[in-house]
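just coords:
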(Lines give C-alpha, C1' and ligand atoms only; values in the text may rest on other atoms or scores of the structure.)
Protein backbone atom coordinates (compact mmCIF):
# COMPACT_ATOMS: atom_id res chain seq x y z
CA UNK A 1 0.00 0.00 0.00
CA UNK A 2 1.28 3.50 -0.77
CA UNK A 3 2.50 5.46 2.21
CA UNK A 4 1.09 8.85 3.09
CA UNK A 5 3.52 11.72 2.59
CA UNK A 6 5.32 12.76 5.77
CA UNK A 7 3.38 15.29 7.81
CA UNK A 8 4.73 18.82 7.47
CA UNK A 9 6.50 20.13 10.56
CA UNK A 10 5.00 23.37 11.85
CA UNK A 11 5.53 25.61 14.84
CA UNK A 12 2.10 26.13 16.35
CA UNK A 13 1.29 29.52 17.78
CA UNK A 14 -2.09 30.73 18.95
CA UNK A 15 -3.98 33.49 20.64
CA UNK A 16 -7.32 34.78 21.75
CA UNK A 17 -8.72 38.20 20.99
CA UNK A 18 -11.79 40.15 21.98
CA UNK A 19 -13.09 40.40 18.42
CA UNK A 20 -16.78 40.57 19.39
CA UNK A 21 -16.54 42.05 22.90
CA UNK A 22 -16.51 45.60 24.25
CA UNK A 23 -12.92 46.27 23.15
CA UNK A 24 -13.27 44.70 19.72
CA UNK A 25 -12.61 47.99 17.92
CA UNK A 26 -9.13 47.99 19.49
CA UNK A 27 -8.50 44.23 19.43
CA UNK A 28 -8.83 43.89 15.68
CA UNK A 29 -5.55 45.75 15.05
CA UNK A 30 -3.11 43.52 17.00
CA UNK A 31 -5.06 40.51 15.73
CA UNK A 32 -4.50 41.54 12.10
CA UNK A 33 -0.88 42.39 12.86
CA UNK A 34 -0.14 38.94 14.29
CA UNK A 35 -1.71 37.19 11.32
CA UNK A 36 0.20 39.43 8.90
CA UNK A 37 3.50 38.92 10.74
CA UNK A 38 3.21 35.13 10.71
CA UNK A 39 2.38 35.29 7.00
CA UNK A 40 5.39 37.59 6.43
CA UNK A 41 7.80 35.23 8.26
CA UNK A 42 6.50 32.24 6.32
CA UNK A 43 6.66 33.97 2.92
CA UNK A 44 9.91 35.90 3.27
CA UNK A 45 11.97 33.62 5.49
CA UNK A 46 10.40 30.23 4.99
CA UNK A 47 9.33 30.15 8.63
CA UNK A 48 11.91 29.65 11.36
CA UNK A 49 14.87 27.52 10.24
CA UNK A 50 12.71 26.15 7.46
CA UNK A 51 9.77 25.24 9.69
CA UNK A 52 6.55 27.05 8.80
CA UNK A 53 4.62 28.96 11.49
CA UNK A 54 0.95 28.19 11.99
CA UNK A 55 -1.18 30.72 13.88
CA UNK A 56 -4.49 29.54 15.27
CA UNK A 57 -6.86 31.92 17.02
CA UNK A 58 -10.19 32.12 18.81
CA UNK A 59 -12.49 34.97 19.82
CA UNK A 60 -12.75 35.37 23.61
CA UNK A 61 -15.16 38.36 23.50
CA UNK A 62 -13.18 39.90 26.42
CA UNK A 63 -14.68 37.28 28.75
CA UNK A 64 -12.33 35.45 31.12
CA UNK A 65 -14.25 32.16 30.91
CA UNK A 66 -14.08 32.20 27.10
CA UNK A 67 -10.40 33.11 27.30
CA UNK A 68 -9.70 30.11 29.54
CA UNK A 69 -11.63 27.86 27.16
CA UNK A 70 -9.74 29.32 24.18
CA UNK A 71 -6.41 28.66 25.92
CA UNK A 72 -7.31 25.05 26.70
CA UNK A 73 -8.60 24.45 23.16
CA UNK A 74 -5.45 25.84 21.55
CA UNK A 75 -3.19 24.06 24.03
CA UNK A 76 -4.92 20.80 23.12
CA UNK A 77 -4.25 21.59 19.44
CA UNK A 78 -0.52 21.72 20.24
CA UNK A 79 0.10 25.47 20.50
CA UNK A 80 3.57 26.11 21.94
CA UNK A 81 3.24 29.89 22.33
CA UNK A 82 -0.03 31.59 23.26
CA UNK A 83 -0.56 35.33 22.71
CA UNK A 84 -3.73 36.50 24.46
CA UNK A 85 -4.74 40.11 24.24
CA UNK A 86 -6.33 40.79 27.62
CA UNK A 87 -4.67 41.00 31.03
CA UNK A 88 -7.54 39.39 32.93
CA UNK A 89 -7.34 36.35 30.64
CA UNK A 90 -3.58 35.99 31.13
CA UNK A 91 -4.05 36.22 34.88
CA UNK A 92 -6.80 33.56 34.70
CA UNK A 93 -4.63 31.07 32.74
CA UNK A 94 -1.21 31.79 34.27
CA UNK A 95 -1.11 28.87 36.70
CA UNK A 96 -2.42 26.44 34.07
CA UNK A 97 0.04 27.62 31.41
CA UNK A 98 2.89 27.29 33.92
CA UNK A 99 1.83 23.70 34.62
CA UNK A 100 1.40 23.01 30.88
CA UNK A 101 4.73 24.71 30.04
CA UNK A 102 3.07 26.75 27.31
CA UNK A 103 4.79 30.09 26.75
CA UNK A 104 2.53 33.10 27.16
CA UNK A 105 3.46 36.37 25.44
CA UNK A 106 0.69 38.78 26.40
CA UNK A 107 -0.26 42.04 24.78
CA UNK A 108 -0.56 43.70 28.16
CA UNK A 109 1.69 43.69 31.21
CA UNK A 110 0.70 43.34 34.87
CA UNK A 111 2.59 42.10 37.93
CA UNK A 112 0.31 39.07 38.50
CA UNK A 113 1.31 37.82 35.04
CA UNK A 114 4.94 37.39 36.10
CA UNK A 115 4.74 36.74 39.84
CA UNK A 116 5.54 34.10 40.73
CA UNK A 117 7.91 33.60 37.78
CA UNK A 118 6.70 31.08 35.26
CA UNK A 119 6.10 30.71 31.53
CA UNK A 120 4.84 34.26 30.85
CA UNK A 121 7.27 36.61 29.12
CA UNK A 122 6.54 40.31 28.74
CA UNK A 123 7.60 41.97 25.50
CA UNK A 124 7.57 45.42 27.14
CA UNK A 125 7.43 47.22 30.48
CA UNK A 126 4.77 46.65 33.11
CA UNK A 127 1.98 49.23 32.91
CA UNK A 128 2.72 50.10 36.54
CA UNK A 129 6.35 50.90 35.61
CA UNK A 130 5.18 53.08 32.73
CA UNK A 131 2.78 54.90 35.05
CA UNK A 132 5.51 55.37 37.66
CA UNK A 133 7.77 56.85 34.98
CA UNK A 134 4.94 59.28 34.21
CA UNK A 135 4.74 60.19 37.92
CA UNK A 136 8.49 60.82 37.96
CA UNK A 137 8.14 63.08 34.92
CA UNK A 138 5.30 64.99 36.63
CA UNK A 139 7.42 65.53 39.72
CA UNK A 140 10.47 66.66 37.74
CA UNK A 141 8.44 68.97 35.49
CA UNK A 142 6.23 70.55 38.16
CA UNK A 143 6.91 74.29 38.63
CA UNK A 144 4.22 75.39 41.11
CA UNK A 145 4.78 75.59 44.89
CA UNK A 146 1.88 73.26 45.72
CA UNK A 147 2.31 69.51 45.17
CA UNK A 148 1.08 68.20 41.85
CA UNK A 149 -2.13 66.17 41.85
CA UNK A 150 -2.65 63.12 39.66
CA UNK A 151 -5.82 61.14 39.07
CA UNK A 152 -6.40 57.90 37.19
CA UNK A 153 -9.42 57.31 35.03
CA UNK A 154 -9.75 53.89 33.46
CA UNK A 155 -11.66 50.67 33.22
CA UNK A 156 -12.17 48.56 36.33
CA UNK A 157 -10.39 45.56 34.85
CA UNK A 158 -7.07 43.85 35.56
CA UNK A 159 -5.02 46.18 33.38
CA UNK A 160 -6.78 49.28 34.73
CA UNK A 161 -6.21 48.23 38.34
CA UNK A 162 -2.60 47.19 37.76
CA UNK A 163 -1.21 50.69 38.23
CA UNK A 164 -3.15 51.59 41.38
CA UNK A 165 -1.14 50.11 44.27
CA UNK A 166 2.35 50.69 42.81
CA UNK A 167 1.27 54.15 41.63
CA UNK A 168 -0.11 55.15 45.02
CA UNK A 169 3.08 54.07 46.78
CA UNK A 170 5.35 55.87 44.33
CA UNK A 171 3.21 59.02 44.25
CA UNK A 172 3.39 59.20 48.06
CA UNK A 173 7.16 58.71 47.94
CA UNK A 174 7.46 61.55 45.40
CA UNK A 175 5.13 63.87 47.35
CA UNK A 176 2.44 63.86 44.66
CA UNK A 177 -1.16 64.22 45.82
CA UNK A 178 -3.24 61.51 44.27
CA UNK A 179 -6.85 60.78 43.56
CA UNK A 180 -6.90 57.10 42.65
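Yep, that arrived. Being a predicted model, the structure only gives us computed values, none of them experimental.

Hmm, residue 158 is touching residue 84, no?
No. Using Cβ atoms under 8 Å, residue 158 is not in contact with residue 84; the gap is 11.6 Å. For every residue, glycine as well, the C-beta is placed using N, CA and C.

Can you show me the helices along the protein?
Here the chain has its helices, by DSSP state H, at 24-45, 64-76, 87-100, 111-114, 127-141, 158-161, 164-174.

I'd like to know which elements the last one is packed against.
This means helix 164-174. Applying 3 or more Cβ pairs under 8 Å, 6 or more residues apart in numbering; DSSP states H and E, one finds that helix 164-174 makes contact with helix 127-141, strand 177-179.

returning to what we had before: looking at the helices of the chain, spot the one closest to residue 8.
Residue 8 sits nearest to helix 24-45 of all these, at 11.8 Å, using Cβ to Cβ.

Show me what counts as buried in the closest one.
The neighbour-count check on helix 24-45 (16 or more other Cβ atoms under 10 Å) flags 27, 31, 34, 38, 41, 42 as buried.

ok, now which ones touch the second one?
For residue 31, the contacting residues are 15, 17, 19, 57, 85, taking Cβ atoms under 8 Å, 6 or more residues apart in numbering as the criterion.

what about the protein, any weak spots by pLDDT?
179-180 (pLDDT under 70).

that older thread, quick check, nearest of the buried residues of helix 24-45 to residue 145?
residue 27 (44.6 Å).

All set, thanks.
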